[in-house]
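In: next comes the sequence, and after it the predicted model I'd like to discuss.
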Amino acid sequence: MITAGLGFAATRLRIDSSIEAFLSTDAPVRLRLDQFRRTFGRDEVFVLAVAGEVYTPEFLNRLRGLHEAARGVALPDHPDVVDEVRSLVNARYVTADAAEVRVQDLGALLPPAPDAADVARFRAAVPAAAVGLVSADGGMAGVVVRTRAVHEHLSHQVYARLLEVARAHEAPGFRVQVGGAPALAAAIHARMLGDAYRSLVVALALMAVLLAVMFRHWLAVVGPLLVVVCAVVWTLGLMALLGYRMTALHNILPTFLLAVGLGDSVHLLSVFRTERADGQAP
């Protein structure tokens, strides 16, 4: 029952895949970062980097569709999770004359079906309106997606939605990649879970084969594996109950416990078999 309880607790173990998790909680840089966030808050910014010939009608039309799709990203319980989307489509374009100052979206310069003259006029307006949203050589454009401050697992869901949007809008000459700090954290999270699962399965399989070859008895295979699996479950369950989080630095822990536990199990089984061969009672 203890193992079952700790196993349930292990399923509630929180995984911290943030970049700052690589620093100790009392590191000076970490303390300054936490203070800055308490004072000014924090931004969750994803960047859709789009490679291609930006100043062409086909690219700009696809960019407009990508912008609208990114703005439409929503979660079941958080339909307004996306706070703002910025790109060449809605960059602020300001013009003035003797009578007035006009502020409009840069994308307003593009009709629904732009021709070469429309694109040329649009390109001439970009330097004053879209700093940081397009590369100097016109080979890449960015769509900046700013979300509201949400829990980490919700940020991972936004990342998954943006990956779907990126795949749906990719085309020849329009290659989309998802970046930004929350995207990096989500990718690390997914890689951590995948690596931990694969390493655990491979380690258990190799241990089972090794024990079967060495002792050639099913009890000598099942017994040690049960012991080391229980050790992993207890450790992860206690980490969850004590409030610890799994980070990339802890990712090796389950496999490490399996290796140490197997060594002790092999030692005990070898001693047991040697003493039984000498005629000692069990």
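Out: Happy to help now that I have it. Residues are numbered from 1 along each chain as shown.

In: can you map out the helices along this protein?
Out: With helices called from DSSP state H, the chain shows them at 2-10, 28-40, 57-71, 116-129, 152-169, 181-215, 218-241, 253-277.

In: same list (those) but as CSV, adding distance to Ala49 and mean pLDDT.
Out: C-beta: built from backbone N, CA, C; applies to glycine. Shown next, in CSV, are the helices of the chain (distance: least, C-beta to C-beta, whole Å; pLDDT from 0 to 100):
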stretch, distance to Ala49, mean pLDDT
helix 2-10, 38, 83
helix 28-40, 25, 77
helix 57-71, 11, 91
helix 116-129, 17, 75
helix 152-169, 10, 90
helix 181-215, 10, 85
helix 218-241, 37, 86
helix 253-277, 35, 80
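
In: output those as JSON lines; include the columns mean neighbour count and distance to Arg146.
Out: JSON lines is the format used below for those (neighbours: other C-beta atoms under 10 Å; distance: least, C-beta to C-beta, whole Å):
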{"stretch": "helix 2-10", "mean neighbour count": "14", "distance to Arg146": "35"}
{"stretch": "helix 28-40", "mean neighbour count": "11", "distance to Arg146": "15"}
{"stretch": "helix 57-71", "mean neighbour count": "19", "distance to Arg146": "10"}
{"stretch": "helix 116-129", "mean neighbour count": "14", "distance to Arg146": "18"}
{"stretch": "helix 152-169", "mean neighbour count": "18", "distance to Arg146": "11"}
{"stretch": "helix 181-215", "mean neighbour count": "16", "distance to Arg146": "10"}
{"stretch": "helix 218-241", "mean neighbour count": "17", "distance to Arg146": "32"}
{"stretch": "helix 253-277", "mean neighbour count": "15", "distance to Arg146": "35"}
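
In: which one of those helices lies closest to Ala91?
Out: Nearest of the helices of the chain to Ala91, taken as C-beta to C-beta: helix 116-129 at 4.6 Å.

In: gap between the closest one and the chain center?
Out: 36 Å (C-alpha atoms, centre = their mean, to the nearest Å).

In: ok, Ala74 - contacts?
Out: Ala74 is in contact with 80-82, counting by C-beta atoms under 8 Å, 6 or more residues apart in numbering.

In: who wins on neighbours among these?
Out: When neighbours are taken as other C-beta atoms under 10 Å, the top entry among these is Val82 (22 neighbours).

In: roughly how far apart are that residue and Gly179?
Out: For Val82, the distance to Gly179 equals 16 Å [C-beta to C-beta, to the nearest Å].

In: so which residue is smack in the middle of the protein?
Out: Ala186 (1.1 Å; C-alpha atoms, centre = their mean).

In: pretty sure it is in contact with Leu163, am I right?
Out: No. At 9.1 Å, Ala186 does not count as touching Leu163 under the criterion of C-beta atoms under 8 Å.

In: who does Thr95 bridge with?
Out: When bridges are called by DSSP bridges, Thr95 pairs up with Arg102.

In: pretty sure it is touching Arg102, no?
Out: Yes. Here Thr95 lies in contact with Arg102, judged by C-beta under 8 Å, at a distance of 5.0 Å.

In: picking that back up, compile the helices of the chain into TSV and extend it with columns for distance to Gly138.
Out: As requested, these are exported to TSV (distance: least, C-beta to C-beta, whole Å):
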stretch	distance to Gly138
helix 2-10	51
helix 28-40	34
helix 57-71	9
helix 116-129	8
helix 152-169	19
helix 181-215	24
helix 218-241	50
helix 253-277	48
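
In: to Ala141, which of those helices lies closest?
Out: Using C-beta to C-beta, the nearest of those to Ala141 is helix 57-71, at 6.0 Å.
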